[in-house]
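1. test case, fold it:
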Amino acid sequence: MDQSVAVQETLAEGEYCIIAVQGMLCEGDSRQSRLLGLVRHRLEHGGQEYALFLYTHRRMAITGDDVSLDQIVPVSRDFSLEEVSPDGELYILGSDVTVQLDTSELSLVFQLPFGSHTRMFLQEVARACPGFDPATQNPEFQWLSPYRCTELEPELRESQTQRRWNSAAGGSNFDDSRPNGKGLLGDQGSWGQDKPENVFTRQNKSKSDFTNMVRSSTITVSDKAHILSMQKFGLRDTIVKSHLIQKEEDYTYIQNFRFFVGTYNVNGQSPKECLQPWLSDGIQAPDVYCVGFQELDLSKEAFFFHDTPKEEEWFKAVTDALHPDAKYAKVKLIRLVGIMLLLYVKQEHAAYITEVEAETVGTGIMGRMGNKGGVAIRFRFHNTSICVVNSHLAAHTEEYERRNQDYRDICSRMQFCQIDSSLPPLTINKHDVILWLGDLNYRIEELDVEKVKKLIEEKAFQTLYAYDQLKSQVAAKAVFEGFTEGQLTFQPTYKYDTGSDDWDTSEKCRAPAWCDRVLWKGKNITQLSYQSHMALKTSDHKPVSSVFDIGVRVVNEELYRKTLEEIVRSLDKMENANIPSVSLSKREFCFQNVKYMHLQVESFTIHNGQVPCQFEFINKPDEESYCKQWLNANPSRGFLLPDSYIEIELELFVNKTTATKLNSGEDKIEDILVLHLERGKDYFLSVSGNYLPSCFGSPIHTLCYMREPILDLPLETVRELTLMPVQTEDDGSQLEKPMEIPKELWMMVDYLYRNAVQQEDLFQQPGLRSEFEHIRDCLDTGMIDNLSANNHSVAEALLLFLESLPEPVICYSTYHNCLECSGNYTASKQVISTLPTFHKNVFNYLMAFLQELLKNSAKNHLDENILASIFGSLLLRSPAGHQKLEMAEKKKAQEFIHQFLCNSP
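-> Here you go, the predicted model:
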C-alpha cells in the first residue's frame, strides 16, 4: 500500500511527498515504528529543497488521520543516509536493511524492509541530496519555519529542537574520507559506465566463501547496497541484458531442486506443539522451504492495527522445526495482518538467490483491509524466476464468486518492481514458476453435512471431489487458469473441533471441506507428495504440505562468458549514431461514459524501427506527473529491441480524489500525454471523454437539493449545485425545497435496515465489485426498485459513499471541537447541533441506524468499539492541509463516535 498518500494529506500547499517507507527507529534496545516521507518543496526562483518527515503511527497509514508528525530532518549538505552493518549481527539473505541518518547535530538508526520499495526510497533520497559544489547556494529551508512554530509547548520542545533539526545553513563540509562501499551517497560512478561486462559479470561464490558471508554481514552489506542503489541500466546494458535473455538456453542447463510448500490456518492460536510432523518428518531435507500461515491473529487489534506478537511466535516455531539434516538461511518474511509467508533456503544455495521482492494485497472491506488477501515473495534462483503466493480468500460456502474476485484482485494488484527501474513491474504470472498456497476457502456444495462425512468415512475422496467448488471454478476457467493441483488423497482439512480430530460440533456444524490447498504453474515441476497432517491439533484446520522437484535453470559459467562476449562483439559493430524512431498504432483516445470507480482501458501499440530505444511518458512543464490523477499508462516506460513492439494500456479510473471536480466541471476528461524517446523525438497523445456525474464524490448539501436522480439532471445544474457553498439553513433561495438527507443515503440505509440488521460480520466483510457497480447505477438513476445485492455489497457501498464525501459528515471546521469535548456527551451534542442542517441530519440518521444494529449484536456480532473504529475515520476527518494528531488524539475521534453509540438521542 502506498503510504505516501497519508503523508501528503499532512503537508502544506506546494509540498509534495515523493515516496514514503515504513521502518523501525532503533534506540538501544528500543524499536519504534516510524513512517519516513521524503518531501519536496519547489522554490519561487525555480529550485527545490527536500526534507525527511518522520511520523509516528500505529496502524498501516491509509489517510493522514493515521499519522502524527514527530520530527523533520532537512536534507542539507551535511545530511547523509547510509547503510550500516550492526556489529556481530548474523547476516540473513533478504533481511531488513539497517541505515544510519546523520547530520551535524543528529544521528538516528532505522531498519527498513528489504525490497524494491526501500531501494526506490534510498535512490530518491540520494537524488535529493544537494551537491557539494562550493559555488552552489546553500539550502535555506525557510518553508519549514511554520512547522517549527507549531511544535508543542516551548519548554517541552526547546531541547528537542536541537535534537530534531539539522542546521538550515547547510552544516559541515563534505567528508572525503567517508567509506563509499556502504553508503548510497558514496561514489557510484562505476554504474554509469557503458561497459556491460562490469554489470553482467557473474559472481561464482564457493560454499566456504558464503559461510563467511553468513557469519559476517560486512561482506554482503556493500553487495546489497549496490542492489539498493543501482541506477537504471544504460541503453547498451539493456540491449545486452535483452540478448542474454533471448539466448538463455545457450548457456544454462536444468537441475532439480527439492521444494517444500506448506500451508496452515492456525485460527488465531499460538503454537502449542512441535511442527516437525508437518515440516520435516519423513522427507529428505528440502532445498527450499515455503511456509504460509493464515489467521495468525484474529484480534480486533490485528485487524485495525499492524503489529502482532504471533508473528515472532510462529516464526520461531517454524525455524525450530526445519529439517535437522541441513542448515537454512531465512530469505524473507512477509505478513499482512494474519497472512504470513516464510521463505528459507539451504545455506549453500543462498548465494544463488537474487532479486528478492515481497508484496501484499488486501482484499478486505473497501479493498484495503488485510483480514483477507494475499502476500507473495518473488525471487530468482540461479536463472529461474519463482513467485510464491500465500492467500486467504473470502469465507462461507455461498461466497465462491467473492473468492474468485479475491483471486483476480491478487493477480492484478500484486506487482513487483524490478531492479532496472525502466522496466514495468512484474506480475505474478510473469514468472517461470508459480507456487500458490493458502486457505482458499472453496467448499463442497450440493451435499448435506452427513453425506459429506459418510463419503469421507468411506475414503471416497474422488467422489467427494466432484462436488468441490475449486474444481468446478477451475473447470469454468474462472480462477487459476493454467495451474495444476495434485490428486486429493487425504480427507478434508476443515473444520475440526480444536484439539481433536473430531468434525465441527459447534452450533453452526460446518460441513467438512478442502479449504487448504497447494497449486502450481510452470515447466519442469514434479509433485512428489500432497498430504495433510492429522497429528497437529492446535487449530480447527489441519496443515497441508506438498513436496516438489523443480527443474531450475543453472548457468554454465564458461558458456555464459562466451555468449556475453559474442553479444558484446556484435554490439561493437552496430552503428550507434542512428536516431530511434517508432510508430504508434493510435494517438487519440476517447473514453465514453466514464463512471465512478469503473475502470476503462484503451490500448495502443508502439512498433520500434531499426534502432534499440528506451521510451518514457514525461511530465509536461510545471506539472507533477505525466498525466492527470484519473489516468495511468501501463507500462509508463520501457525498452524495445529493433523490429519489436509493446502494447501500452491507458487506464482511466475515477475515485474519491478526482470525482468532485469532474462533477463540478472544474476538471474534464481531457489530457495530453508526452511519449519521449531517449535520443529521439517526442510523440503527443490526446485523451478525451465524458464523465457521468455520480452521487459518489458529491457534497451532502448538493445531494439534498437534488430531488431528481443525478443522471436525470442537466450537467449545468449538477455543476451549479456541486459548487454551491454549504448552507446552515435554507436561505429562501429560488432552489426547490431540499430533502432532509440525501435520498441515496436513505436508499442504502433503508435496504440494510430491512435486510441486514442481523447479518453476521456486517461492515467487516467486503462485497462484490460487480454488485457495487449495480448499486452505484441504481443510486445515480433512482431505480430503487432494481436495487438487489448482497448485504455486504450494500454495506461496503455505504462506507465508500461516506468516504467519497468532499466535506465529511462532521465538517472540517468542527473537527478540533469534537476532539476537545470527547468524553463529554453533553458538550459533544452541542457541537453536533452547530453543524449545517443537512450534515446534522445525516449524522443523527446514521447514529440511529447504528444503534439499531447494536440491538442485534447477538446475531451480527457487532459492538460499539468495532463500529466506532470503522465509522470514526469516515465521519470525523482531520482538516485537509493541517498537521495530524497523535494516536491518543486519534482515539479521541473514535471515542467521540463511541459515546453517541452508547447513549440514546
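2. what's the longest helix in the chain?
-> Counting residues, the longest helix in the chain under DSSP state H turns out to be helix 837-854.
3. ranges for the helices of the stretch 251-400 of the chain?
-> Taking DSSP state H, counting those that start in this stretch as the test, the helices found in the stretch 251-400 of the chain are 276-279, 300-304, 310-321, 400-413.
4. which strands and helices sit next to the last one?
-> Secondary-structure packing of helix 400-413 (3 or more CB pairs under 8 Å, 6 or more residues apart in numbering; DSSP states H and E): strand 353-362, strand 373-381, strand 384-392, helix 469-475. Backbone N, C-alpha and C define where each C-beta goes, glycine included.
5. one more pass at 10 Å, please.
-> Contact partners of helix 400-413 among helices and strands, from 3 or more CB pairs under 10 Å, 6 or more residues apart in numbering; DSSP states H and E: strand 353-362, strand 373-381, strand 384-392, strand 426-427, strand 433-439, helix 469-475, helix 769-781.
6. could I have the fifth one exported to PDB, CA atoms only?
-> What follows is the C-alpha trace of strand 433-439 in PDB, where atoms were taken according to Å, rounded to 0.1, in the frame of the first residue of the first chain:
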ATOM      1  CA  VAL A 433       7.400 -21.000 -11.700                       C
ATOM      2  CA  ILE A 434       4.400 -20.000  -9.500                       C
ATOM      3  CA  LEU A 435       3.600 -21.800  -6.300                       C
ATOM      4  CA  TRP A 436       0.200 -20.800  -4.800                       C
ATOM      5  CA  LEU A 437      -0.800 -22.000  -1.300                       C
ATOM      6  CA  GLY A 438      -3.200 -21.000   1.300                       C
ATOM      7  CA  ASP A 439      -6.700 -21.200   2.800                       C
END
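7. average model confidence for that strand?
-> On average, the pLDDT along strand 433-439 is 98.
8. how much does it deviate in direction from helix 400-413?
-> Counting by axes from the mean of the first three to the mean of the last three CA atoms, to 10 degrees, strand 433-439 lies at 140 degrees to helix 400-413.
9. parallel or antiparallel, which strands does strand 433-439 pair with?
-> Take DSSP bridges as the rule and strand 433-439 pairs in its sheet with strand 384-392 (parallel), strand 516-522 (antiparallel).
10. next, the angle strand 373-381 makes with it.
-> Compare the direction of strand 433-439 with that of strand 373-381 by the same axes, to 10 degrees and you get 150 degrees.
11. and for residue 751, the neighbour number?
-> By the criterion of other CB atoms under 10 Å, residue 751 has 21 neighbours.
12. which residues does it contact?
-> Shown in contact with residue 751 (CB atoms under 10 Å, 6 or more residues apart in numbering): 775, 778, 784, 787-789, 791, 794-795, 797-798.
13. again, 8 Å this time
-> If you count contacts by CB atoms under 8 Å, 6 or more residues apart in numbering, residue 751 has them with 787, 794.
14. and what about it, helix, strand or coil?
-> Under DSSP: H, G, I helix; E, B strand; the rest coil, residue 751 falls in the helix class.
15. who's in contact with the closest residue to residue 494 other than its chain neighbours?
-> Leaving out its chain neighbours, the residue that sits closest to residue 494 by CB to CB, 6 or more residues apart in numbering is residue 515, at 4.3 Å. Residue 515 makes contact with 265, 439-443, 492-494, 541, according to CB under 8 Å, 6+ apart.
16. just residue 637 next, same as before
-> Counted by CB under 8 Å, 6+ apart, residue 637 has contacts 422-424, 614-617.
17. ok, back up a step: for the residue nearest to residue 494, phi and psi?
-> phi -70, psi -30 (degrees, to the nearest 10).
18. next one: it from residue 294, what distance?
-> 9 Å (CB to CB, to the nearest Å).
19. now do the shared contacts for these two.
-> By CB under 8 Å, 6+ apart, the residues touching both residue 515 and residue 294 are 265, 439.
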